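Student: heads up, no residue letters with this:
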């Protein structure tokens, strides 16, 4: 009985933290979507007061006492309750084990880092950014040490984004992937088949908006519990009870807004599929970054770029944009949708070469943390890898090491999740196909419900119960591996480019 | 020195409260503008956690101690600092003197009240609403008693919205106003001149949006620190650093969106004009409801409905809506803008008869608090007054006593501020004209800067330093009075309707 009430108290504490986080999340969304240009100071203060309030709630002594009480008599808890306590403990330790001085130093550095990065990037000048990066690396190692990962700081960074993953495990996966991917990209690049996305020009924004709304609604996004707006960079935020997605529009890039919307819809469907009664605890939260990315990629790529998807939507697309598509043949449209061409910029990359961008960053992060690469030697190492993996060499550091914002904020160990998500997406895809071979026919008929139901039941409903490797094993019956991804990329792109 | 640091601590405490309030305000704005239809439960929880957090900050023992310290050595504070302490004490007492049980009871009743009102209104059935209203009246009296106003509960309710005002003072003002206004309305109603707002039909929403943006920008609203969106009922929220206004569009009511936008712009200009360095204290906050309303009404009515305003904007209006205005003569347009016609519904009322709606509510509130009117007799009393003041009798209680939401939430003493604002607006108007007689010529030339600058300096910059009667005296050199309002209404409407 005593435990019962302690558990209820824990829930009420976690709910308070969760709701403070959703409010902070809304502030962030509003900042990207609505904030008047000169209101940034106020927003910074609002963020600060919310962060302070959240931190106080997340580090309350009473929360630590509740956790200790519940852990001492864990035998009285059921399996789900033990998961809630386990994850609450993990969060509590991460919130409390960092000294206040360190937290302040890191927050200050985050702002310094962003501005140093933006300046260095604009000037394509790595030298001014190098000391900041060195400092961020040092802070990351200290953070790992405070949390008890002093001997494996890079594993700690990875574990932050994908609990259960390690650098060694990722090395194994990426080595196998690279061996297959590099030759595949070479074959595609050498192909005489060249997609022409520039055929698609002058698509009115309002009609683009209507079309992507139709598509995302058909995929199952519940606009009763979410919306889509415009921001500079597309993202998905909010909790399942109120999902805020964004996209951006360019009249000459209709596929950009469409596929970024489908991608964010994948994230949104995951959040909307998490058990609503448990949003405040691990039972109703996403398993991790890799799992999240598996959902966005699955809907964007395996589903959204498939022949059958377009069999259904192409007539609607043409009816919405009759003039703009009149001179574009079906095969040309499909090729534009599945354009592959190596580029130096990760965010512009297609789904095939994207993985090589991730492998590059992972190899560099590993060496930085191992101390076998000095920060000052980063640009050279980057450029060598870019040539090796992509067959391209950056003309300057803006096209190379300075292109991503992540490291400026100390977000190491984040990039691998994108590629792990791609692997899991392909594995989920083949498992779904195995269980329901008529899936492509469903798509051609405009029916996406089976896939969403299956994901709800087998991925979303699990919340944060299982770390990524175990999640993959449970849902697909196989170990997390690049094999499905390679198979998928070959099946999709070899016939298009190399037949 | 000790005082100095106590004052700084007070400021930092007030800033925390202020920023929590701005976050809660943004949640409210977002709820009206963006919230997906099925996300209301989450929003209610977010509101609750923010209210709880704000309440904890506003009632902290440390805040009470700071105030006591500062009050004990008030001689060491300068005049502005004493105002900050005085108002912080007022807020602190109102936050701490109500027992927690009472606060809970009132919060629960607020929700019950809203739903009971909505149901009663839909059914035009006062009987179901009467017990709720009786309860709200009782809660208001208890609240007044907790705050030390047990012998004057209605004065307490008035003071909540307009510090310094009393029922006796308002009675005097309203009696004088009524004596002039009722005959004026009779004259206008008897006039053969009848405005025809139905001439204005089919105004495309996008063009309406562009036009009102142009107008409000020209009046001086700073869109670098604010925005305007769409909601069911227009409102203005936010702090001066980020003002969120709303309007609504109807293709057949272009004047509705335009004038509601100008009205909200008046509120917005006040907020944007408050001293930005002091938003967290009384020095940077609005003087009260009446003062706020004086700003919205001044821009909406004295400015926005003037001949000279339209001399400038009519050509732009016609250029924006050439087909829709082709058959409408200038005089017809101006008459439509200044349409007067008694109606039973306050929110549909013109600026002349609007004041009678307020007088009606004030007379009823007074009797309710004095105990000379029983809740069950409210509909009959309402209908008698409606006939006496407006010359109209409600066909049912939906057109009468059930039309407003305010009382369902216990917001007694709120209505008079609307009319006090109208009075002050007219007084400000004639004072401005006296100082700068070319004001109408300025408007005709599209120049609104003198008026805004004058309001900034003489009203906005004062913050909450002076209660409404003193503010009126200082800025206009005269006591708060209905004379200017009557003069203004006569000067504007007699020539239009009775000449």
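Tutor: Looks like it arrived, so ask away. What you see is a predicted model; the values in this text were computed from it and never measured.
Student: can I assume residue A:228 sits in a strand?
Tutor: Yes. Membership of residue A:228 in a strand is supported by DSSP: H, G, I helix; E, B strand; the rest coil.
Student: can you give me the distance of the nearest residue to it once chain neighbours are set aside to residue B:369?
Tutor: Spatially, and ignoring its direct neighbours in sequence, residue A:228 is nearest to residue A:245 (4.5 Å; Cβ to Cβ, 6 or more residues apart in numbering or on different chains). For glycine as for every other residue, the C-beta is placed from the backbone atoms N, C-alpha and C. With distances taken as Cβ to Cβ, to the nearest Å, residue A:245 is found 50 Å from residue B:369.
Student: middle-most residue in chain A, spatially?
Tutor: residue A:293 (4.4 Å; Cα atoms, centre = their mean).
Student: find the least confident helix or strand in chain A, judged by mean pLDDT.
Tutor: helix A:100-123 (a mean of 90; mean pLDDT, DSSP states H and E).
Student: what mean pLDDT does the helix or strand just after that one get?
Tutor: The helix or strand immediately downstream of helix A:100-123 is helix A:130-146, counting by DSSP states H and E. If you average the pLDDT over helix A:130-146, you get 96.
Student: equivalent analysis for stretch A:299-306, please.
Tutor: 98.
Student: distance between the ends of it?
Tutor: 10 Å (Cα to Cα, to the nearest Å).
Student: contact residues of chain A facing chain B?
Tutor: Within chain A, the residues that sit near chain B (Cβ under 8 Å from any Cβ of the partner chain) are A:15-16, A:19-20, A:22-23, A:26-27, A:30, A:34-39, A:41-43, A:45-46, A:48-50, A:52-53, A:222-227, A:239, A:241-242.
Student: doesn't residue A:481 make contact with residue A:176?
Tutor: Yes. In this structure, residue A:176 is within contact of residue A:481 by Cβ atoms under 8 Å, at 7.5 Å.
Student: okay, these two: which has more neighbours?
Tutor: residue A:481 (18 against 14; other Cβ atoms under 10 Å in any protein chain shown).
Student: ok, the more buried one touching residue A:423?
Tutor: Yes. At 6.7 Å, residue A:481 counts as touching residue A:423 under the criterion of Cβ under 8 Å.
Student: re earlier: give me the number of residues near the residue nearest to residue A:228?
Tutor: 25.
Student: you'd agree it is in a strand?
Tutor: Yes. When three-state DSSP is applied, residue A:245 is found to be in a strand.
Student: check contacts around it.
Tutor: Residues in contact with residue A:245 (Cβ atoms under 8 Å, 6 or more residues apart in numbering or on different chains) are A:221, A:226-229, A:234-237, A:261, A:264-265, A:267-268.
Student: low pLDDT regions in chain A?
Tutor: Applying pLDDT under 70 to chain A flags the ranges A:1-4.
Student: following element in sequence after the helix ranked longest in it, please.
Tutor: Counting residues, the longest helix in chain A under DSSP state H turns out to be helix A:2-33. For helix A:2-33, the succeeding helix or strand toward the C-terminus, using DSSP H and E, is helix A:40-58.
Student: buried residues in the helix or strand following that following helix, which are they?
Tutor: Note on helix A:40-58: by DSSP H and E, the next helix or strand toward the C-terminus is helix A:61-72. By 16 or more other Cβ atoms under 10 Å in any protein chain shown, the buried positions in helix A:61-72 come out as A:63, A:66-67, A:69-70.
Student: show me which of the residues you listed is closest to chain B.
Tutor: For the buried residues of helix A:61-72, the residue nearest chain B by Cβ to the nearest Cβ is residue A:63; the value is 15.4 Å.
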